[in-house]
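A.B. asks: coords below, sequence missing:
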């Protein structure tokens, strides 16, 4: 959990995966497959696998994490947005753009007014990438990424580099390249 997150934040995804996998195994043994702590550990594994360039493995974990979360909490629980964003990110990484749209839209509905601008900016950017990659509503894709960029302008910090990721994606789109 926390140690894995810390290792991932300092660009040590292999070590992060090891510790996060250990946490997931402990939570599964203690609580069974359908528990919020299991879901969160699995979603954290998704982030490490994406950082390691393993999008297919991340996608399987994202689906498992969402199933665990949905089985253990109400359908309107805002924490589900975290797992839905993770699934959407894994689907985008696997270039399954059409399938990424619905979970990302649901994540945005669940995250109505967070205190942290990145909580909305991340799914907004992923949704923009999904819409663009699926060749659906490209003006909406650009507007969503611009909204994410505007949100991040008010963020006090950007430890994950989301601002730069948004700016780079918008620059590629504006330059006319085929991009995710």
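C.D. replies: That came through fine. Computed from a prediction, not measured in an experiment: that's the story for all the values here.
A.B. asks: Least confident secondary structure element in the protein?
C.D. replies: helix 2-9 (a mean of 63; mean pLDDT, DSSP states H and E).
A.B. asks: ok, then the element right after that helix?
C.D. replies: On the C-terminal side of helix 2-9, the nearest following helix or strand under DSSP states H and E is helix 13-31.
A.B. asks: can you give me the mean pLDDT across that following helix?
C.D. replies: The predicted model assigns helix 13-31 a mean pLDDT of 89.
A.B. asks: now swap in stretch 139-153 and tell me
C.D. replies: Here stretch 139-153 scores 94 as its mean pLDDT.
A.B. asks: cool, and stretch 161-175?
C.D. replies: 93.
A.B. asks: do the same with stretch 81-90
C.D. replies: On average, stretch 81-90 scores 96.
A.B. asks: before we move on, what about stretch 49-57?
C.D. replies: Per-residue pLDDT values across stretch 49-57 average out to 94.
A.B. asks: for it, how far is the first residue from the last?
C.D. replies: In stretch 49-57, first residue to last residue: 7 Å (C-alpha to C-alpha, to the nearest Å).
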